[in-house]
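Chemist: Curious how this folds, go ahead:
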Amino acid sequence: MNIRGVAHRGYPVEYPENTLSSFQAAIEMGFTHMELDVHLSKDGVPVVMHDAKIDRMTDGQGQIRHYTFQELRKFLIKGKEKIPSLAEVLRLAKDKIIVSIELKNPNLYKGVEEKVIQVVQSLNMMDQVYFISFDYKSLVKIRKLSTEAELGPLVNKIKRTHFRLMENLNAKYVAVRYDGIKEKYIQKCEEKGIQLVAWTVNTKEQMINVQRYPSILNTTDELEKYRNHFYPHLKVKKEQLII
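Modeler: Okay, here's the model as predicted:
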């Protein structure tokens, strides 16, 4: 049985976020979705990392956009893992899990939408991904590039005006910060067939609260805690995961 939820950057509580080991762990745990963040290297390769800089996660320093992909590969995450390309992560996920691709700071990267779409199309995975961003102009660009792409604006607090935006984008998702969700908008999303995604549901109290609304797709860092709360019969110890 699959665990309905979004593994935020993989399984960051146990593995370095946005790495192949982190995503593999989420897949092995049986999550239905996982979320990742995309930037663009100097030579136009979409790479997976949350920050625009490599300082926090690697033994290097500087902006991702100032390095070629091969230069980025020389830096290590936690002393052993390399910064993955989007293509690598998607190949890992293919036919196993739905992938939420967040375009981070797209204004920094000329043509990032085209590059990301090309990677997804080359792997024949348009039906297995959806694109989210706080930059709604970036989502408009994706829509112009592909009529089949599934889109979702990222918002801190859902408002009535966001439904007009979603209609203009023909968006089927909206990703909302956990404390920015109102019950009336949950119902409106249900009526309009829009998948509301909550982020980030990590505490026991938050899990109990969202459990009242089964239509919400919850994003979490705490994969094991989430599984044990929503699917107590599926308890599996971490050491049993195949990584």
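Chemist: Mean confidence (pLDDT) on stretch 171-189, please.
Modeler: Confidence over stretch 171-189 (mean pLDDT, whole number) is 97.
Chemist: now stretch 16-32
Modeler: Here the average pLDDT along stretch 16-32 is 98.
Chemist: how long is it from one end to the other?
Modeler: Stretch 16-32 has its terminal residues 20 Å apart, counting by C-alpha to C-alpha, to the nearest Å.
Chemist: Next, the buried residues of it.
Modeler: 16-27, 29-31 (16 or more other C-beta atoms under 10 Å). In short, each C-beta sits where N, CA and C put it, glycine included.
Chemist: Which residues are in contact with the most centrally placed residue in the chain?
Modeler: Centroid check for the chain by C-alpha atoms, centre = their mean gives Glu35 as the closest residue, at 1.9 Å. By C-beta atoms under 8 Å, 6 or more residues apart in numbering, the contact set of Glu35 is 6-9, 99-100, 102, 132, 219.
Chemist: Can you get me the start-to-end distance on stretch 36-52?
Modeler: 13 Å.
Chemist: What are the buried residues along it?
Modeler: In stretch 36-52, residues buried by neighbour count (16+ other C-beta under 10 Å) are 36-42, 44-52.
Chemist: How about stretch 148-159?
Modeler: 149-155, 158.
Chemist: and what of stretch 54-74?
Modeler: Within stretch 54-74, judged by 16+ other C-beta under 10 Å, the buried ones are 54, 57-58, 60, 64-65, 67, 69, 72-73.
Chemist: Could you identify the most distant pair in the buried residues of stretch 148-159?
Modeler: Maximum pairwise distance among the buried residues of stretch 148-159 (C-beta to C-beta): 21.4 Å, between Ala149 and Ile158.
Chemist: ok so, going back, include secondary structure when you put the contacts of Glu35 into TSV, please.
Modeler: Formatted as TSV, the contacts of Glu35 follow (DSSP: H, G, I helix; E, B strand; the rest coil):
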residue	secondary structure
Val6	strand
Ala7	strand
His8	strand
Arg9	coil
Val99	strand
Ser100	strand
Glu102	strand
Ile132	strand
Thr219	strand
